[in-house]
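1. Structure here, sequence nowhere to be found:
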């Protein structure tokens, strides 16, 4: 490789890949749960992306490609040594569903009662952090990054149908966690049967 | 479109992933079905709520800078870039110097305590009965009178007596001030240990006393009040 094409690669990579650093860091932070590991993960992602930049297919989304590298790097590097994230105690959540169902609590009802603004941003962050990794990733990629199902399927290396069902389940879980929280905090009150 | 099919389509409709035909069928069903319509509204509200509330956290400037630097240098010093390990090269020599200094100090203190000289034990600090006599001061060799006892039984540990019957007594000397000494099981010590009927007998013991651990390395045992059976034992031992 001559000097000229090397500089060319650097320039192209910096221009195309570096613009997505905020998105990568954001996802990285949700996955690793601490800023040092998140920084390391982003560094490692850029290192691999740079090394295999020639394999990137022009015309496809570089953002999706970077996310895929980040996800795989995370699985290889961190999942092994970090304890699996706390998985929601579904039984606990289930016990609340009865109450929620009884009183017809859902986000539509909260909206009507003008209660959605009672949640803090931190509540949403902590609710999302409680989801299993795969569910966390689809929510972030779809709702925060605005990627299409096809792009997400490509990143997660799963069928589009799986993306749809994971998103659907992830949103249901998030809603339950948030309603559960709202009940505990007294934002909504469970009525007697 | 029935309710089941409609509910499957809620998520992709919200994410704008349905084709035109399915989309029309979906909205048509929502118009006539209150239940599906409320499910749709909840999920739609949740998505927009998450989008509104989940603020994207930007990458810190130091990360941006270091990635930019790495690209410009072709990731040639990649290893130094790992954030967590970055501090180590600075700290490592510091830790080494500190460790060396601590070692030197410890060694100096150790030398100053003159370990080659046998330490004399300050017996005034140790609870000993009044009648002890030194045989050899430098070796902590003394003579004491007391009663032969089973240390376990004396300490009245729960189930000690049962254990003693099963595994045998732990022979020791109880001095008049109540201190219990355990007798080390060596050749001399075994002379006491082998004769269970010595328990309760008053004896004078000469030996090396280990004050910290309350052990006696027995040299000589003398009976102070001889009973008939004691005399027999002594004559047997001789």
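-> That came through, no problem. Remember, predicted model here, so these are calculated numbers, not experimental data.
2. For the rest of this, base every contact and every neighbour count on C-alpha atoms.
-> Noted.
3. and the helix ranked longest in chain A, which residues are buried?
-> Here the longest helix in chain A is taken by residue count, with DSSP state H as the criterion, and it is helix A:160-185. The neighbour-count check on helix A:160-185 (16 or more other C-alpha atoms under 10 Å in any protein chain shown) flags A:160, A:163-164, A:166-168, A:170-171, A:173-183 as buried.
4. Stretch A:126-145 now?
-> Applying a neighbour-count criterion of 16+ other C-alpha under 10 Å, the buried positions in stretch A:126-145 are A:127-133, A:135-145.
5. Quickly find the element holding the closest residue to residue A:53 other than its chain neighbours.
-> Nearest residue to residue A:53 in three dimensions, chain neighbours excluded: residue A:13, at 7.7 Å (C-alpha to C-alpha, 6 or more residues apart in numbering or on different chains). Residue A:13 is part of helix A:3-17, with elements assigned from DSSP states H and E.
6. Next: residue B:138.
-> Going by DSSP H and E, residue B:138 is not in any helix or strand.
7. what does the model give it for pLDDT?
-> As predicted, residue B:138 sits at a pLDDT of 71.
8. Repeat that for residue A:4.
-> In this prediction, residue A:4 carries a pLDDT score of 59.
9. go on, residue A:130?
-> pLDDT, residue A:130: 86.
10. Residue B:17 now?
-> On the pLDDT scale, residue B:17 is placed at 93.
11. next one: residue A:142
-> Residue-level pLDDT assigned to residue A:142 equals 93.
12. And it, how close does it get to chain B?
-> When distances are taken as C-alpha to the nearest C-alpha, to the nearest Å, residue A:142 and chain B turn out to be 8 Å apart.
13. you'd agree that residue is up against residue A:148?
-> Yes: under the criterion of C-alpha atoms under 8 Å, residue A:142 is in contact with residue A:148, at a separation of 6.7 Å.
14. shared neighbours, these two?
-> Both residue A:142 and residue A:148 are in contact with residue B:15, where contact means C-alpha atoms under 8 Å, 6 or more residues apart in numbering or on different chains.
15. okay, now residue A:115: neighbour count?
-> 14 (other C-alpha atoms under 10 Å in any protein chain shown).
16. what about the residue nearest the centre of chain B, distance to residue B:180?
-> What sits nearest the mean C-alpha location of chain B, by C-alpha atoms, centre = their mean, is residue B:213, with 22.0 Å. Going from residue B:213 to residue B:180 by C-alpha to C-alpha, to the nearest Å gives 10 Å.
17. Residues touching stretch A:106-126, excluding its own?
-> Residues contacting stretch A:106-126 (C-alpha under 8 Å, 6+ apart): A:100, A:175, A:178-179, A:182, A:187, B:38, B:41-43, B:45-46, B:50, B:53-55.
18. out of these, who's nearest residue B:66?
-> Using C-alpha to C-alpha, the shortest approach to residue B:66 within the contacts of stretch A:106-126 belongs to residue B:55, at 24.0 Å.
19. which phi and psi does that closest one have?
-> Here the main-chain torsion angles of residue B:55 (degrees, to the nearest 10) amount to phi -70, psi 130.
20. pLDDT score for the nearest residue to residue B:58 once chain neighbours are set aside?
-> In space, residue B:58 comes closest to residue A:22 once its chain neighbours are excluded; the distance is 4.7 Å by C-alpha to C-alpha, 6+ apart. Residue A:22 carries a pLDDT score of 93 in this model.
21. cool, and residue A:98?
-> Reading off the per-residue confidence, residue A:98 sits at a pLDDT of 51.
22. just to revisit the earlier point, over to the residue nearest to the centre of chain B: give its phi and psi.
-> The main-chain torsion angles of residue B:213 are listed as degrees, to the nearest 10 and equal phi -110, psi 0.
23. what about the helices in the chain?
-> The chain I'm using is chain A. A:3-17, A:21-32, A:35-51, A:62-74, A:90-102, A:107-112, A:121-129, A:133-139, A:149-156, A:160-185.
24. Please refer instead to chain B.
-> In order along the chain, chain B carries the following helices (DSSP H): B:3-14, B:20-32, B:34-53, B:61-72, B:83-86, B:88-112, B:151-155, B:160-167, B:187-193, B:228-237.
25. starting at the chain centroid, how far to the second one?
-> Helix B:20-32 has its average C-alpha position 67 Å from the chain's average C-alpha position, going by C-alpha atoms, centre = their mean, to the nearest Å.
26. now that helix against helix B:34-53, angle please.
-> Taking axes from the mean of the first three to the mean of the last three C-alpha atoms, to 10 degrees, helix B:20-32 and helix B:34-53 form an angle of 110 degrees between their directions.
27. Report the angle between helix B:20-32 and helix B:3-14.
-> For helix B:20-32 against helix B:3-14, the angle by the same axes, to 10 degrees is 120 degrees.
28. how close does residue A:39 get to residue B:17?
-> Noted for residue A:39: a distance of 33 Å to residue B:17, by C-alpha to C-alpha.
29. who has more neighbours, these two?
-> For the pair residue A:39 and residue B:17, the greater number of neighbours falls to residue A:39 (26 against 16), based on other C-alpha under 10 Å.
30. I'd say that one and residue B:65 touch.
-> No: with contact defined as C-alpha under 8 Å, residue A:39 does not reach residue B:65; the gap is 11.7 Å.
31. In space, what's closest to residue A:156 - neighbours in sequence excluded?
-> Excluding the flanking residues, the one nearest residue A:156 by C-alpha to C-alpha, 6+ apart is residue A:68, at 6.9 Å.
32. what does the domain assignment say about chain B?
-> For chain B, the domain assignment from automatic domain parsing gives the residue ranges B:3-53, B:61-111, B:123-237.
33. And the pLDDT at residue B:143?
-> pLDDT, the model's per-residue confidence, is 84 for residue B:143.
34. Mind listing the residues bridging to the closest residue to it other than its chain neighbours?
-> Sequence neighbours aside, residue B:206 is the residue nearest to residue B:143 in space, at 4.1 Å (criterion: C-alpha to C-alpha, 6+ apart). Per DSSP bridges, residues listed as beta-bridge partners of residue B:206: residue B:143, residue B:220.
35. show me what contacts residue B:206?
-> For residue B:206, counting by C-alpha under 8 Å, 6+ apart, the contacting residues are B:135, B:141-144, B:218-221.
36. Which of these are buried, as a PyMOL select command?
-> To isolate the buried subset of the contacts of residue B:206 in PyMOL, counting by 16+ other C-alpha under 10 Å, use the following:
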select buried, chain B and resi 141+142+143+144+218+219+221
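37. is it true that residue A:65 touches residue A:153?
-> No: at 11.5 Å, residue A:65 and residue A:153 do not qualify as touching, with contact defined as C-alpha under 8 Å.
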